[in-house]
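>>> just the structure for this:
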Amino acid sequence: MSELARNNVRTQYSFTRHIACAEGPLQLLLADVDRWPGNLSPRLMSNTKQEMVVAFRDNSRARLRITKIAGGVNRISIEHEAAPETATGVDYEIFWFELFESLQARLMPEQIAVATAPGKVNIYFKVGPLKDDGYHDVASLYLAVDLTETVVGQISTEYSVKVSGSLDDFALLAVPTDESNLVVKVAKQIKGLSGTPEVLKLQLGIDKHVPVAGGMGGGSADAAAALLVSNAMFRTDLGHDQLHDIAAELGADVPFALSGGAAIGTGKGDLLQPIENVKPVHLVIVADQSGLSTPLVYQRLDALRESRGEDPKNLAEPIVDAQLVRALQSGNVYDIADHMNNDLEEATLSLRPDLETRMIAIRQLGALKVMVSGSGPTLLALCGSEAAAKEIAEKLNKLGYNAQAVSGPAGGAELVD
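Take a look at the predicted model:
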């Protein structure tokens, strides 16, 4: 089971599987522990619609959480912690594999492909001169964070999009569910390379956790995950370089969502130079229900530069601060704080001056650096540790803000089922 992770301190199996089937039969089969494979004498300790706890004869326990996500798909998250004082010789990796093989055979679920992709933050964003085509060259330092989007694909006779997730209902309703959604454009593009019959299309489910219109690349993460899902469902067998070329055509942030990690982005942000050996960075993301138009923010930046006597068309080409790269590789959070920058921040704050009050509140709680993420209105706070990030996020939530602790660099888009 390739997605299985083991914790060496106390043997622990932690993994997630996705099954497209009716929720009732799945729960009935999972609760029928007497028919589980092996001779492990499992006992059902508790059972609700969302969670089961099962104990085994060696006193180990497993917690199974079932979540319904978009497209009629059940996400099953399992944490199995083995008793440290026993050594039964049981290979639980094989056990869990056999259990899910048995479920697949008994439920006959629909074939699906599931992929995840990370949201991102720009901890450095330099905007160059205004070009004749109305765009700007930029120099950005992307950091993928462990706030991920999930895309599920199932064969259908029509293209459609269903949406679920942890965002509020208003944000989820703002996500297009017709063919205007970028994931459908992705599916159509991959299908065009596959040679599959015209009647075969995809039903796509998006499970969203990255703020919408918040400068964190949630839509780009959806597109990156949809690339992998479509490639799997249409059996096009495109390689990484081919997928990257398609990603670059879809939008500036899509190639980075495909690769993840940390990278310098130049040009329109799509020319990526990976940064190796970046130490963990702990942040707090503070989302906002109101979106901001990215073109409007750029227009305001050009206007502000003109008001200072600068010529927006005659500026130096943007580059990323090399000292920030060194700080990320050394893990010195104070140096990181000193060199983080976002040229769009002044334009965003001139359009949304209320965000400055929020930024002051976050600083007062102990954040080392607070700035606008991308074109906003999402805010980004650098913290000294994971514990500090969680504490600050908790305090902000108590004050009525929508805050979440995240860490980076996270991995890129990945086919998980």
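
>>> by mean pLDDT, flag the weakest helix or strand of the protein.
strand 5-6 (a mean of 44; mean pLDDT, DSSP states H and E).

>>> report the buried residues of the helix or strand just after it.
Later in the chain than strand 5-6, the nearest helix or strand by DSSP states H and E is strand 12-20. Using 16 or more other CB atoms under 10 Å as the test for burial, strand 12-20 gives 13, 15-20. Where you see a C-beta, it was placed from the backbone N, CA and C, and this is true even at glycine.

>>> which of those residues lies closest to residue 347?
residue 16 (40.1 Å; CB to CB).

>>> wait, the closest one sits on residue 78?
Yes. Here residue 16 reaches residue 78: they are 7.4 Å apart, a contact under CB atoms under 8 Å.

>>> which SS state does residue 406 fall under?
strand (DSSP: H, G, I helix; E, B strand; the rest coil).

>>> what residues are up against it?
Residues in contact with residue 406 (CB atoms under 8 Å, 6 or more residues apart in numbering) are 145-147, 282-285, 389.

>>> which non-adjacent residue is nearest it?
Leaving aside its chain neighbours, residue 406 sits nearest to residue 145 (4.2 Å; criterion: CB to CB, 6 or more residues apart in numbering).

>>> the one you found and residue 98: what is the separation?
35 Å (CB to CB, to the nearest Å).

>>> what about the two, which has more around it?
With neighbours defined as other CB atoms under 10 Å, residue 145 and residue 98 compare such that residue 145 has more, 25 against 13.

>>> you'd agree the more buried one is in a strand?
Yes. Checked against three-state DSSP, residue 145 lies within a strand.

>>> all helices of the stretch 301-417 of the chain, in order?
With DSSP state H, counting those that start in this stretch, the ranges of helices along the stretch 301-417 of the chain come out as 322-330, 333-339, 345-351, 354-364, 386-398.

>>> er, the stretch 101-250 of the chain actually
169-173, 182-191, 218-233, 240-250.

>>> want to throw those into TSV with mean neighbour count?
Formatted as TSV, the helices of the stretch 101-250 of the chain follow (neighbours: other CB atoms under 10 Å):
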stretch	mean neighbour count
helix 169-173	13
helix 182-191	21
helix 218-233	28
helix 240-250	16
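
>>> how is the protein carved up into domains?
Following automatic domain parsing, one finds the domains of the chain at 5-110, 113-277, 281-407.

>>> the residue nearest in space to the middle of the chain and residue 16, how far apart?
Central residue of the chain (CA atoms, centre = their mean): residue 148, 1.8 Å from the mean position. Between residue 148 and residue 16 the distance is 11 Å, computed by CB to CB.

>>> also residue 165?
Distance from residue 165 to residue 16, by CB to CB: 16 Å.

>>> ok, residue 180 next?
30 Å.

>>> run through the stretch 151-300 of the chain and note the low-pLDDT ranges.
213 (pLDDT under 70).

>>> strands along that one, start to end?
160-165, 201-208, 262-266, 271-274, 281-287 (DSSP state E, counting those that start in this stretch).

>>> which one of these lies closest to residue 397?
strand 281-287 (9.7 Å).

>>> one step back: between the helices of the stretch 101-250 of the chain, which one is closest to residue 158.
helix 182-191 (10.3 Å).

>>> and the closest one, what does it pack against?
strand 201-208, helix 218-233, helix 240-250 (3 or more CB pairs under 8 Å, 6 or more residues apart in numbering; DSSP states H and E).

>>> what's the angle from that helix to helix 218-233?
30 degrees (axes from the mean of the first three to the mean of the last three CA atoms, to 10 degrees).

>>> need the contact partners of helix 182-191.
By CB under 8 Å, 6+ apart, the list of residues contacting helix 182-191 reads 151, 153, 159, 161, 178-179, 200-202, 204, 206, 219, 222-223, 226-227, 229-231, 234, 236, 238, 246, 250-251.
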